[in-house]
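[1] Sequence below, structure please.
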Amino acid sequence: MNTKKSLLAIAVIALFALSSCTSTNSSDDDKLYERSSIDRTEIPIPDEKNKN
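    Reported below is the predicted structural model:
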């Protein structure tokens, strides 16, 4: 029983150690979500007088 608890503790510590190795740099994550901007002058706007 004592060996089982020791192995479980080592496994938990190893899990936390491996999971903390991920990048915490937010600028790397921002590259995934960057999109090119939309030029508002290129969007066709319907005429107001043609509305019913």
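
[2] C-alpha from now on. contacts and neighbour counts both.
    Noted.

[3] So, low pLDDT: which residues of this structure?
    In the predicted model, the chain carries pLDDT under 70 at residues 20-30, 32, 35-36, 48-52.

[4] Give me the buried positions along the longest helix along the chain.
    Counting residues, the longest helix found in the chain (DSSP state H) is helix 2-19. Of all the residues in helix 2-19, not one is buried under the rule 16 or more other C-alpha atoms under 10 Å.

[5] Please save the CA atoms from it in CSV.
    The C-alpha trace of helix 2-19 is given here as CSV (Å, rounded to 0.1, in the frame of the first residue of the first chain):
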residue,chain,number,x,y,z
ASN,A,2,2.9,2.4,0.8
THR,A,3,4.5,1.6,-2.6
LYS,A,4,1.3,2.3,-4.4
LYS,A,5,1.0,5.8,-2.8
SER,A,6,4.6,6.6,-3.6
LEU,A,7,4.1,5.6,-7.2
LEU,A,8,0.9,7.6,-7.4
ALA,A,9,2.7,10.7,-6.0
ILE,A,10,5.5,10.3,-8.5
ALA,A,11,3.0,10.0,-11.3
VAL,A,12,1.2,13.1,-10.2
ILE,A,13,4.4,15.1,-9.9
ALA,A,14,5.5,13.9,-13.3
LEU,A,15,2.2,14.9,-14.8
PHE,A,16,2.4,18.4,-13.5
ALA,A,17,6.1,18.7,-14.5
LEU,A,18,5.3,17.7,-18.1
SER,A,19,2.2,19.9,-18.4
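
[6] Cool, thanks, signing off.
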